[in-house]
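>>> Provided below for reference: sequence and predicted model.
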Amino acid sequence: MWVGQPPPPSAPAIVYPDKFAGRTSAEKRAEIAKLLKADGHDALVISALDDIAWLFNIRGDDVEFSPLLLAYAVLTADGRATLCVDARKILPDVRAHLGADVTISPYDVLPEVLQALPESAKVVAVDRDTGSKWLHDQVTGAGRKLKSIADPIQPVKARKHPAELEGVRQAQRTAMALQRAAQGIHRHH
């Protein structure tokens with residue numbers, strides 16, 4: 001038991017605009033779902049917070065110095081998803097952004113979400129590098145066949161969309177301008 005544990009973060013999630021993401025969350029979910037289906041997986045449990053941020057085009061303030069939201073997600077091979085997160089963080093604009101194919105469930109009910117998957121969802125994948133033993137146990141405990149796989153989101157996320165590339169370029173230009181300005185200020189003092 002952790003005595004004096006701070007309360008869980010409570011800052012609301014925010015929408016990461018599609019114009020910066022380059023693709024909608026629905027497009028990303030459909031692409032990953034297609035990969036799942038092609039590999040014979042019926043669902044994917046996602047625990048990597050950066051994958052969740054990318055897949056749903058949302059950001060949070062739950063991890064110091066990182067725009068991440070504490071959550072789990074289950075993506076099925078039909079592109080539907082359940083996002084397990086503190087529902088108080090999902091304000092109406094984020095709820096509308098996520099759309100009807102994303103169900104919001106409490107953060108701590110992932111085992112129940114896995115139990116509630118349709119009977120047709122027999123094979124459930126978990127990332128072999130970030131999936132914990134607890135996640136593996138939840139999948140097998142739900143009566144599903146566990147597949148430990150390489151994260152299918154990472155390679156897709158690594159292929160940058162033109163809008164993402166322009167964002168990187170703009171960030172570099174801004175950083176360089178700030179650096180030059182700081183050097184100029186430093187020289188005069």
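All right, it came through fine.
>>> So, low pLDDT: which residues of the chain?
161-165, 167-168, 185-189 (pLDDT under 70).
>>> Any idea which residue is closest to the centre of it?
If you average the C-alpha coordinates of the chain and look for the closest C-alpha using Cα atoms, centre = their mean, you land on I52, 0.2 Å from that point.
>>> Isn't L70 up against G60?
Yes - proximity of L70 to G60 meets the contact threshold set by Cβ atoms under 8 Å, at 7.2 Å. C-betas here are computed from N, CA, C, even on glycine.
>>> what about those two, which has more around it?
It is G60, of L70 and G60, that has more neighbours when counted by other Cβ atoms under 10 Å, with 23 against 16.
>>> What residues does the more buried one make contact with?
Neighbour list for G60: P9, A11, A13, I14, A53, P67, L68, L69, L70, A71, K89 [criterion: Cβ atoms under 8 Å, 6 or more residues apart in numbering].
>>> and with 10 Å instead?
Applying Cβ atoms under 10 Å, 6 or more residues apart in numbering, we find G60 in contact with 9, 11-14, 49, 52-53, 66-71, 85-86, 89, 94.
>>> for R59, what are its contacts?
R59 sits next to A13, I14, V15, Y16, A53, S66, P67, L68, L69, V94 when contact means Cβ under 10 Å, 6+ apart.
>>> next one: A96
With contacts defined as Cβ under 10 Å, 6+ apart, A96 is in contact with V15.
>>> So for stretch 38-51, first residue to last residue, what's the gap.
20 Å (Cα to Cα, to the nearest Å).
>>> What of stretch 76-83?
One end of stretch 76-83 sits 12 Å from the other (Cα to Cα).
>>> From the chain's centroid, how far away is it?
In terms of Cα atoms, centre = their mean, to the nearest Å, the gap separating the centre of stretch 76-83 from the centre of its chain is 12 Å.
>>> quick one: the strands in this structure?
Under the criterion DSSP state E, strands of the chain are mapped to 14-15, 43-46, 58-59, 72-76, 81-84, 102-105, 123-127, 145-149.
>>> and the fifth one, how far from the chain's centre?
Computed by Cα atoms, centre = their mean, the separation of strand 81-84 from the middle of its chain amounts to 10 Å.
>>> one step back: could you say which of the strands of the chain is packed most deeply?
Of all these, strand 43-46 carries the top mean neighbour count, a mean of 27, counting by mean count of other Cβ atoms under 10 Å.
>>> Alpha carbons of that one, in PDB - could you do that?
Taking Å, rounded to 0.1, in the frame of the first residue of the first chain, the C-alpha atoms of strand 43-46 are listed here in PDB:
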ATOM      1  CA  ALA A  43      -8.600  -7.300 -31.000                       C
ATOM      2  CA  LEU A  44      -5.600  -5.400 -29.600                       C
ATOM      3  CA  VAL A  45      -5.100  -4.200 -26.000                       C
ATOM      4  CA  ILE A  46      -3.200  -1.000 -26.000                       C
END
